[in-house]
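Colleague: here's my sequence, what's the structure:
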Amino acid sequence: MIQLERAYDAESGCKAWTLILVYSSHDTEHNSAVALREFLQHHLHGKKSS
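Modeller: Residues are numbered from 1 along each chain as shown. Now for the predicted structure:
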């Protein structure tokens, strides 16, 4: 399931997008959803997930 929401951030005064990805896998550390999350975080925010 993919859900995309647009919200207003009162602190910055900007509109922001929230992307929610729901994926099911027996291996919670090594799957396509984890790889996609890390890719998006690295390319959109320049940070790696913890």
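
Colleague: which residues in the chain form strands?
Modeller: 2-9, 14-21 (DSSP state E).

Colleague: for His30, find the nearest of those strands.
Modeller: The minimum distance between His30 and the strands of the chain falls on strand 14-21, with 16.1 Å, by C-beta to C-beta. For glycine as for every other residue, the C-beta is placed from the backbone atoms N, C-alpha and C.

Colleague: just the CA coordinates of that closest one, formatted as PDB?
Modeller: Taking Å, rounded to 0.1, in the frame of the first residue of the first chain, the C-alpha atoms of strand 14-21 are listed here in PDB:
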ATOM      1  CA  CYS A  14       5.800  25.300   4.000                       C
ATOM      2  CA  LYS A  15       3.600  22.600   2.600                       C
ATOM      3  CA  ALA A  16       5.200  19.200   3.000                       C
ATOM      4  CA  TRP A  17       4.600  15.700   1.600                       C
ATOM      5  CA  THR A  18       4.400  12.500   3.700                       C
ATOM      6  CA  LEU A  19       4.800   9.200   1.800                       C
ATOM      7  CA  ILE A  20       3.700   6.100   3.600                       C
ATOM      8  CA  LEU A  21       4.900   2.700   2.300                       C
END
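
Colleague: mind checking how far that strand is from the chain centre?
Modeller: Chain-centre distance of strand 14-21: 8 Å, with C-alpha atoms, centre = their mean, to the nearest Å.

Colleague: switch the strands of the chain over to TSV; also include mean neighbour count.
Modeller: Putting the strands of the chain into TSV (neighbours: other C-beta atoms under 10 Å) gives the following:
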stretch	mean neighbour count
strand 2-9	9
strand 14-21	10
